[in-house]
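**Q** just the structure for this:
(3 chains)
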Amino acid sequence: MVAFQMSQRRLLFIILVAVALLLPAVVTPFILHVAIMVGLFAYLGSAWNLGCGYTGKLSWGHSAFMGLGAYASTALYMFYAVTPWIGAIAGMIIAAAFGTLVGVICFRLGLKGHYFVIATIALAEILRVTFINWPVVGGAWGLLMPIVRDSLYYFQFHSSRLGYYYIILAMLVAILYLERRIIKSKLGYYFIAIKDDEDMAESLGINAFKYKVIATAISAALTAFGGTFYAQYVLYISPDTVMAVGVSTEILMGAVVGGMATIGGPVVGAAIIHPIMELTRAYVGGRGLDYVVAGLLTVGVAVLRPHGVIGWVEKTFDAFASYLPEVARS
Amino acid sequence: MALLEVRKLTKRFGGLVALDDVSFNVETGEIVGLIGPNGAGKTTLFNCVTGFYEPDSGEIHFDGHNICGLKPHETCLKGIARTFQIVKAFHSMRVMESVTTGALARTGWTQDGEKKALETLGFVGLADKKNVLAGSLTIVDRKRLGLASALATGPKLVLLDEVAAGLNPVEIDDVIRLLRKIRDGGTTLFVVEHVMKLIMPVADRVAVLHHGKKIAEGSPEEVARDEAVIEAYLGRE
Amino acid sequence: MAQVIVSSILLGGIYALVAVGFNLIYGVMDVINCAQADMMMIAMYVTYWSFALYGVHPLLAIFINIPLFFTIGFFAQKLIIDRLLGAPQFIQAVATIGMGYVIQNMALLVWKEDYRMILNPYTESTLRFTGINLSVPLLVSYIGSLAVVAALYVFLKKTDLGVAIRATSESREAAALMGINVKRVYAIVFGVGVACAGIAGAFISTFYYTYPMVGTAFLLKMFVVVVVGGCGDVLASVAGGLTIGLAEGVGAFLLGPSWKEAIYQSVFLLVLALRPQGIFGGGK
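**A** Numbers count the residues shown, from 1 in each chain, chains lettered A, B, ... in the order given. Alright, predicted model coming up:
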């Protein structure tokens, strides 16, 4: 956090957003698709980060929230013709409720370390299996979204993917802004205090249990909205594509590689991993190599630079800046 | 009515009796010391009062309320703050942020919290280091930080756990001055200590724990002359 | 119903074998090896191809797998895992999951998604015993797994190396002070753990499909077995394995096979709630 000045960062951000806004004009549809996926996982990674990176309670079951959001909005649309935008809100509420349940169970039991992680996987798996056995929402076959012509109201855009691109861009900017506001608020202080030292936090009047549950619920709701976007983009959801452990892994990989507990981390991470995966998939062909590469990257980062790319950049910059004391102190 | 009343407190860990029927009071505005050889149960007592442990029997009253069984954050909100024997810090935060976290116990607005944090930092003498990362501080400053964060919660009573450990004589004098300043500001202090040089000049009263039992209580001079105390420190330990 | 119970117990014994390797690594080195199940998957392929290309009987393949996987594990520890030793558990998990990803997807690339099965008179044979049909490979694998687990137990308790390993697991510093080469112990332990996966793979390929994703299914199960039984202890793995095997089998019988995962995950959560250290826990 020492590296860049506030004003420099804001400028950097504005430049990036401007570039992003103009991007569709100069790229092929394939690259646009990659950009949309990067945007989606940057968004999901940020949502995960809010709940997990800052509190230090690392969930591996976030696909459950994504799935709940996707199913809620899709089911409401298919069975009751409710616009996915409102369906998304329903999804967020349901996910927040489930997130609260997960939080209460895990934190009430005082689960630490890997027990917590496995418990989140367990709960997500139970949800996934429940959905597989629930014929109303398609069971293992899932739901296939009926295609309508382009419509903002019904959240589908087919003549070009532009609509999706700008929506995910807006979502990403919004969640980053929200992240920033939360970090600077009492919530943010309390989350980080809990992560650094829960006992000391408690001694300062922080009800760790309450705030961990709140973090989980917020993260769940935001992830669910990402689930709705996914459903509207891919137009097909099933328990194994939106609620599986592998999806949870994809969500958190970006945050881990880019740097947990930083605002830019998940974005950077997603921007590194997903283009590589998509390009590998397209040019080398066949499933498998893309995940190999992603896996190698993740292992590499975890082993060599556990603070992620951003942490690495900051440390390098700090080391560099310490040679220029005047600059560093400004 | 005393600010803190501990009555017949007992705490066991399996077969080990850490606290055995301990009773005493801390009056408002006092500086009370708690001494005793290692393993006497001093930190256990702190942990019971602040809610980190639940006592097996006995009562603890603070400011008229029964606080037995309250969770740690609840005891803080009631007005008890503490420092830890092994100095704890929020390692990814700066000094200012750490103290603000404490201040947020009494307000929801970061701005108010920051204001209070700045005041507290000035009070303990850390104002010039407010942007330093907690991990980069010296031991003395880390203890000051822990104390500042605790003070920022606006407590009526502060429990200090072996604050003098690892400090040189000059630093100990600084701490003595600071403690007196805190007491003069209206906050009661309850200090667990191993270093006599700190306790004797500063405490109004001292209690002595040994093997979980209170074996003496009185002014520092009285306690220093007490036979049982001398034996406990020099004898079988 | 009795059929179901017996089959479940047999399967449980095998879960125990997979978990034992993981437990050993975790107990001694404090490292969570999420790639354990994927290594088992590779072992299954090794066994399969030994059979398909060279006609090697799966049970004999065990003798190929043990040295092969021990070596793999030994060097993997030196190269990769060693760097993870001080890291927070989450990072360890991420790193080993990454490794698992790599292994799994390379297998996918090379061997495609096809399900393969070793088919020879041995693997298809069954035994009738008091009215229950027992699959012979399953039975043999069960006995074999228990034998391996027992051998490990004896090894840890009686041999010098075993004692050294247990000492290191209690306290790294103390062991080093006593002249134990901790780094070598770690490499050996990891090698042994992976070798267990290798043996398990050989056994499992005799009665279950071999395909690249089989690792994931077993991984989650393995975690649950380890937690239910209690971390770090050989006996614990057995207890955990049997419990989960039973829960899975009986539950599937009563509720239907598609509920399998939910059932054992629920058992897992129940154990966490009621007895967090697992049945035999008390280790870490």
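**Q** next up, identify which helix or strand residue 32 is on.
**A** In the absence of a named chain, this looks at chain A. In this structure, residue A:32 sits in helix A:29-48 according to DSSP states H and E.
**Q** correction: the question concerned chain B.
**A** Applying DSSP H and E, one finds residue B:32 within strand B:31-35.
**Q** let's test this: mean pLDDT of that strand, rounded?
**A** Average pLDDT, strand B:31-35: 89.
**Q** can you confirm residue B:59 is in a strand?
**A** Yes: counting by DSSP: H, G, I helix; E, B strand; the rest coil, residue B:59 is part of a strand.
**Q** that older thread, which residues touch the strand holding residue B:32?
**A** Applying C-beta atoms under 8 Å, 6 or more residues apart in numbering or on different chains, the external contacts of strand B:31-35 come out as B:26, B:42, B:45, B:179-180, B:183, B:188-194, B:196, B:199, B:202-209, B:220, B:223. All C-beta spots, glycine's among them, are computed from the backbone N, C-alpha and C.
**Q** among those, name the ones in helices.
**A** B:42, B:45, B:179, B:180, B:183, B:196, B:199, B:202, B:220, B:223 (DSSP state H).
**Q** from those, which has minimum pLDDT?
**A** Among the ones in helices among the contacts of strand B:31-35, residue B:196 has the lowest pLDDT, at 77.
**Q** now that one, nearest residue through space, not along the chain?
**A** residue B:35 (7.6 Å; C-beta to C-beta, 6 or more residues apart in numbering or on different chains).
**Q** separation between the one you found and chain A?
**A** From residue B:35 across to chain A, the span is 22 Å (C-beta to the nearest C-beta, to the nearest Å).
**Q** got it, and residue C:219?
**A** 9 Å.
**Q** how about the closest residue to that residue other than its chain neighbours, what does it touch?
**A** Spatial nearest neighbour of residue C:219, excluding adjacent residues (C-beta to C-beta, 6+ apart): residue C:37 at 3.8 Å. Contact partners of residue C:37, counting by C-beta under 8 Å, 6+ apart, are C:18, C:100, C:197, C:214, C:215, C:216, C:217, C:218, C:219, C:222.
**Q** could you do residue B:166 as well?
**A** residue B:139.
**Q** name the SS class of it, please.
**A** With three-state DSSP as the criterion, residue B:166 reads coil.
**Q** for the chain, which helix is longest?
**A** Just going to use chain A. Max-length helix for chain A by DSSP H is helix A:208-234.
**Q** meant chain C actually
**A** helix C:2-29.
**Q** which elements pack onto that one?
**A** For helix C:2-29, the packing partners by 3 or more C-beta pairs under 8 Å, 6 or more residues apart in numbering or on different chains; DSSP states H and E come out as helix C:36-54, strand C:132-135, helix C:136-158, helix C:160-170, helix C:182-204, helix C:214-229, helix C:234-255.
**Q** next one: whichever residue of chain A sits closest to chain B, what pLDDT does it get?
**A** For chain A, the residue closest to chain B is residue A:205, as judged by C-beta to the nearest C-beta, at 3.4 Å. Confidence at residue A:205, expressed as pLDDT, is 91.
**Q** one more: residue A:321?
**A** 57.
**Q** about what we covered before: list the buried ones in the longest helix of chain C?
**A** C:4, C:6-8, C:10-29 (16 or more other C-beta atoms under 10 Å in any protein chain shown).
**Q** what average pLDDT does that helix get?
**A** Per-residue scores along helix C:2-29 average to 79.
**Q** report the inter-axis angle for that helix versus helix C:234-255.
**A** Angle, helix C:2-29 to helix C:234-255, by axes from the mean of the first three to the mean of the last three C-alpha atoms, to 10 degrees: 140 degrees.
**Q** can you check what angle separates helix C:2-29 from helix C:136-158?
**A** Using the same axes, to 10 degrees, the inter-axis angle of helix C:2-29 relative to helix C:136-158 is 30 degrees.
**Q** so the residue of chain A closest to chain B belongs to a helix, correct?
**A** No: looking at residue A:205 with three-state DSSP, it is coil, so not inside a helix.
**Q** can you list the ones in helices among the contacts of strand B:31-35 in a markdown table and add neighbour count?
**A** A markdown table is the format used below for the ones in helices among the contacts of strand B:31-35 (neighbours: other C-beta atoms under 10 Å in any protein chain shown):
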| residue | neighbour count |
| --- | --- |
| B:42 | 26 |
| B:45 | 29 |
| B:179 | 22 |
| B:180 | 14 |
| B:183 | 17 |
| B:196 | 15 |
| B:199 | 23 |
| B:202 | 20 |
| B:220 | 18 |
| B:223 | 23 |
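**Q** so which two of those are the farthest from each other?
**A** B:45 and B:180 (23.5 Å; C-beta to C-beta).
**Q** mind listing what whatever residue of the stretch 101-250 of chain C ends up closest to chain A touches?
**A** Residue of the stretch 101-250 of chain C nearest chain A, by C-beta to the nearest C-beta: residue C:101 (3.1 Å). By C-beta under 8 Å, 6+ apart, residue C:101 lies in contact with A:249, A:291, A:292, A:294, A:295, A:298.
**Q** ok, now residue C:162?
**A** Going by C-beta under 8 Å, 6+ apart, the list of residues near residue C:162 reads C:154, C:155, C:156.
**Q** domain-wise, how is chain B divided?
**A** Domain assignment for chain B by automatic domain parsing gives B:1-79+B:157-237, B:85-154.
**Q** got the residues of chain B near chain A?
**A** B:50-52, B:71-74, B:76-77, B:81-82, B:84, B:88-93, B:97, B:100-102, B:104-105, B:108-110, B:113, B:146, B:149-150, B:152-153 (C-beta under 8 Å from any C-beta of the partner chain).
**Q** next, the buried residues of stretch B:45-61.
**A** Under 16+ other C-beta under 10 Å, the buried positions of stretch B:45-61 are B:45-53, B:55, B:58, B:60-61.
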